[in-house]
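**Student:** build the 3D model from these lines:
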Amino acid sequence: KKMEKFEYAANSQANNMEKEGGELSPEQSAFGMLDIVLSVVIVVIIVLLARRFIRKRKDEDNIKPILIGKPLNVSTTHTGSFVDRMKSRKKNVIVFYGSQTGTAEEFATRLSKDASRLGMPAITFDPEECSDWEEGLGKLGKDIEGSLAIFCMATYGEGDPTDNAQEFYDWLKETSFSLDGLKYTVFALGNKTYEHYNAMGRYIDERLEELGAERIYKRGEGDDDANIEEDFVTWKEGLWPSVAQYYGIDSSQATQVRRDYELTIHTDLNPTEIFSGEPHKLGSFVLQKPPFNTKNPYIADITVNRELHKGGDRSCMHIEIDISDIKMSYVAGDHVAILPANDKDLVNRIGDLLSTDLDTVFSLTNLDDEASKPHPFPCPTTYRTALTYYVDITSTPRTHVLRELVEFASDPKDAEFIMKITSPSEEGKHDYSEWIVKDHRNIIAVLEDLPSFRPPLDHLLELLPRLQVRYYSISSSPKLHPKSIHITAVLVEYQTRTGRTARGVATSWLRNMVPTDGYTPKIPIYIRRSSLRLPFRPINPVIMVGPGTGLAPFRGFIQDRAMDKKDKSTGETVLYFGCRNQNEDFIYEDELTNYKEEGVLSSLYLAFSRDQTEKVYVQHKMEESGEEIWKNLENQGFFYVCGDARNMARDVQNTLLSIIKQHGRKTDSEASEYVKKLQKRGHYLQDVWF
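**Tutor:** Here you go, the predicted model:
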């Protein structure tokens, strides 16, 4: 059986095989001994195969199948390279996407539509589906006339490729294959608060050129910390005129592209034939089988959900998830992925605004029979299920969603306004930024504020992005809690400029999942590996900087060290924690105090920013203890940061540079090189967000 890719085996130990007996007697021949060994091996293999066959038959007998009326396809398997698929479907543009949260895939779909509208039929393609890049990219520029490859590539983590682009990235690093004849352009997606801003898009752009490919338009870069929609629209505003000029296309002849999906209303399906929230396979929430991952999450019980804050107007939850019934291993520092659900009141509001029966069963089926995505989400399902589990209804709608649906605004003033805020002009970008982005208008607010704008719900569902998985740092150690996973989550809730209350999808959903005597909440989860790891040798010093919920993974680290300390020598364990007020939001105060008293934490530095006139943050506590930090780093220490990427992580790194310069007596350039070496050796690790 294949192991789940996010599970980790324990450290293996070498088996010491002892030889029995002495030398062969003169009567024994080497050939005779070989015959015996081979016979034994053959018998063992036959026995193992027989046992495996019997076990498989028993497992199959114990599985109760879910009966459905007819087979329902949720995925399509393709054979041959993407070039063969392009030939058979008469496409000459391919848009690759490296996507972790869905934005790059969404942009790729929009580019594909734009290209088709221009008269260059296009397809989108997931790099994970390619098995031979030399054959694919090598043939693309030579076998398909007027071909173009567009790469929408997001950067993930510390300058890493997204999961679905990892193999493509590995191939690019290792290959020397000539890509002469390939025409391409790149749009990179990233966030400027991270050190390795748009590293993947930049690398792919430069590497393709090194291998002989021809860049026909400059690389675009989107910053998710600012307005990535505006960055994308601005870039493609210049892309298509350049493409039209390069390929000799009359852009004035651009055509309207039809819808991608066709609506079917079902009236005769059994409940077992209808998706009810499963992300991929029908019935997977009922028949639970590993491996558990994004397509097959485990339905876990919440056993504890309690408030951590002792006062104030904010909320922070401590949640414990039961994994005692399955083999779902994790390591301190890992993430747990949660598949959330939208607020039922928001779902009902959309049904009311669009005068639609949300319990209608429907399917959206791709009009292209050979498309890699036969449906935008699992079908058949109900409108209620699609709005609850499959599409994002709380984020701000992109310009292309509003523009494609403008015909459904019956009031000319509403239609004119939509056309204005979705135009690529400077005025249009400004108005979109103000009215949509800064006012935090989701699709519900747009429908409320434009009363004549009433698109069909099926068309809206086709265009809305998929609801994304939420990742949380696990705040427990399997050494102490092998049968449960803990998370620490702050409730996201704020007022917008329009007076509406905006809430985080996952945290507002989790807030109501409090177990009682007659109620055990259940949520879909799986484990995702993180780069945040304790050192292999417990004797190495550990320095952790985690204000607020940045403490979460370090709570697991500290539990790990506490268990190690029982029978091993452990190095210095130093924690820097900060919050607003000690009496309100000092989470896990009793635990941390006890760990300090017991000697598990050798040092505990606390920064309460609003308990005095001058604000005090974790970096100030670092400055006060700079000599201790330097000593631990020089003693093969590990430095960890978790929390806000926008300000805190940057301030912490600048403070660390100052400490290295002061206590290590180094110049600016030497201190920077010292930090780079720490990062390269895996001794400076971050788990940050914005």
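**Student:** below-threshold pLDDT in this structure: ranges please.
**Tutor:** 1-80, 252-257 (pLDDT under 70).
**Student:** who touches residue 267 in this structure?
**Tutor:** Residues in contact with residue 267 (C-beta atoms under 8 Å, 6 or more residues apart in numbering) are residue 361. Bear in mind the C-beta positions are built from the backbone N, C-alpha and C, glycine included.
**Student:** ok, now which ones touch the closest residue to residue 214 other than its chain neighbours?
**Tutor:** Residue nearest to residue 214 in three dimensions, not counting chain neighbours: residue 183, with 5.3 Å by C-beta to C-beta, 6 or more residues apart in numbering. For residue 183, the contact set (C-beta under 8 Å, 6+ apart) comprises 141, 147-149, 213-214, 216, 246.
**Student:** for those, which one is nearest residue 94?
**Tutor:** residue 149 (5.5 Å; C-beta to C-beta).
**Student:** now the closest one. Its backbone dihedrals?
**Tutor:** The phi/psi pair for residue 149 (degrees, to the nearest 10) reads phi -110, psi 130.
**Student:** same question, residue 488
**Tutor:** According to degrees, to the nearest 10, residue 488 has phi -130, psi 110.
**Student:** the contacts of residue 183 in helices, which ones?
**Tutor:** 141, 246 (DSSP state H).
**Student:** just the buried ones from the contacts of residue 183?
**Tutor:** Among the contacts of residue 183, the ones that count as buried by 16 or more other C-beta atoms under 10 Å are 141, 147-149, 213, 216.
**Student:** from those residues, pick the one nearest residue 346.
**Tutor:** Nearest to residue 346 among the buried ones among the contacts of residue 183, with distances taken as C-beta to C-beta, is residue 149, at 39.1 Å.
**Student:** ok, the closest one to residue 137 distance?
**Tutor:** 7 Å (C-beta to C-beta, to the nearest Å).
**Student:** list the residues that contact both of the two?
**Tutor:** Joint contacts of residue 149 and residue 137 (C-beta under 8 Å, 6+ apart) are residue 182.
**Student:** please save the CA atoms from stretch 402-419 in CSV.
**Tutor:** Provided in CSV are the C-alpha atoms of stretch 402-419 (Å, rounded to 0.1, in the frame of the first residue of the first chain):
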residue,chain,number,x,y,z
LEU,A,402,-18.4,41.2,-13.4
ARG,A,403,-17.7,42.0,-17.0
GLU,A,404,-18.9,38.7,-18.3
LEU,A,405,-22.1,39.0,-16.4
VAL,A,406,-22.8,42.7,-17.3
GLU,A,407,-25.5,41.8,-19.7
PHE,A,408,-27.7,40.7,-16.7
ALA,A,409,-27.9,44.3,-15.4
SER,A,410,-31.2,45.5,-16.6
ASP,A,411,-30.7,49.1,-15.5
PRO,A,412,-28.4,50.8,-18.1
LYS,A,413,-26.8,52.8,-15.2
ASP,A,414,-25.8,49.6,-13.4
ALA,A,415,-24.4,48.1,-16.6
GLU,A,416,-22.5,51.3,-17.4
PHE,A,417,-21.0,51.3,-13.9
ILE,A,418,-19.9,47.6,-14.2
MET,A,419,-18.3,48.3,-17.5
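**Student:** start the count at 215 instead of 1 going forward.
**Tutor:** Understood, numbering begins at 215; the last thing we discussed is stretch 616-633.
**Student:** any idea how far that stretch is from the middle of the chain?
**Tutor:** 34 Å (C-alpha atoms, centre = their mean, to the nearest Å).
**Student:** look at stretch 886-904 and report the distance between its end residues.
**Tutor:** Its first and final residues considered, stretch 886-904 spans 24 Å by C-alpha to C-alpha, to the nearest Å.
**Student:** cool, stretch 305-325 as well?
**Tutor:** 14 Å.
**Student:** ok, residue 718 - contacts?
**Tutor:** Counted by C-beta under 8 Å, 6+ apart, residue 718 has contacts 705-707.
**Student:** not counting residues beside it along the chain, what's closest to the residue nearest to the spatial centre of the chain?
**Tutor:** By C-alpha atoms, centre = their mean, the chain has its centre lying nearest to residue 314, at 4.4 Å. Spatially, and ignoring its direct neighbours in sequence, residue 314 is nearest to residue 376 (4.3 Å; C-beta to C-beta, 6+ apart).
**Student:** what about that neighbour, how many neighbours?
**Tutor:** As a burial measure, residue 376 scores 24 neighbours (other C-beta atoms under 10 Å).
**Student:** wait, it sits on residue 319?
**Tutor:** No: using C-beta atoms under 8 Å as the test, residue 376 is too far from residue 319 to be in contact (9.8 Å).
**Student:** overlap in contacts of those two?
**Tutor:** Going by C-beta under 8 Å, 6+ apart, residues that sit against residue 376 and also against residue 319 are residue 313.
**Student:** which residues touch stretch 882-889?
**Tutor:** With C-beta under 8 Å, 6+ apart, stretch 882-889 has contacts from 867, 870-871, 874-875, 878, 880, 898.
**Student:** now, which of the residues you listed lie within strands?
**Tutor:** residue 898 (DSSP state E).
**Student:** out of the contacts of residue 397, who's nearest residue 622?
**Tutor:** Nearest member of those to residue 622, counting by C-beta to C-beta, is residue 362, at 32.5 Å.
**Student:** give the contact list for that closest one.
**Tutor:** Neighbours of residue 362 in contact, by C-beta under 8 Å, 6+ apart: 306-308, 329, 334, 397-399, 430, 457, 461.
**Student:** okay if I get these as CSV plus distance to residue 841 and secondary structure?
**Tutor:** Output for the contacts of residue 362, formatted as CSV (distance: C-beta to C-beta, whole Å; DSSP: H, G, I helix; E, B strand; the rest coil):
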residue, distance to residue 841, secondary structure
306, 64, coil
307, 59, strand
308, 57, strand
329, 60, helix
334, 63, coil
397, 57, strand
398, 52, strand
399, 51, strand
430, 56, coil
457, 59, helix
461, 64, helix
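**Student:** closest to residue 423 among the residues you listed?
**Tutor:** Among the contacts of residue 362, residue 398 lies closest to residue 423 (C-beta to C-beta), at 8.7 Å.
**Student:** picking up where we left off before, nearest to residue 505 among the contacts of residue 397?
**Tutor:** For the contacts of residue 397, the nearest to residue 505 is residue 363 (32.7 Å; C-beta to C-beta).
**Student:** quick one: contacts for the closest one?
**Tutor:** Counted by C-beta under 8 Å, 6+ apart, residue 363 has contacts 307-310, 351, 354, 396-398.
**Student:** if we can go back for a sec, adding neighbour count, write the contacts of residue 718 out as a markdown table.
**Tutor:** Below are these laid out as a markdown table (neighbours: other C-beta atoms under 10 Å):
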| residue | neighbour count |
| --- | --- |
| 705 | 17 |
| 706 | 14 |
| 707 | 15 |
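**Student:** among the residues you listed, which are in strands?
**Tutor:** Short answer: the contacts of residue 718 in strands (DSSP E) are residue 707.
**Student:** let me have the contacts of residue 718 in TSV, extended by distance to residue 788.
**Tutor:** Listed next are these as TSV, based on distance: C-beta to C-beta, whole Å:
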residue	distance to residue 788
705	30
706	30
707	33
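**Student:** setting aside sequence neighbours, what's the nearest residue to residue 392?
**Tutor:** residue 426 (4.8 Å).
**Student:** nearest to residue 344, of the contacts of stretch 882-889?
**Tutor:** Distances from residue 344 to those, taken by C-beta to C-beta, are shortest for residue 898, at 34.0 Å.
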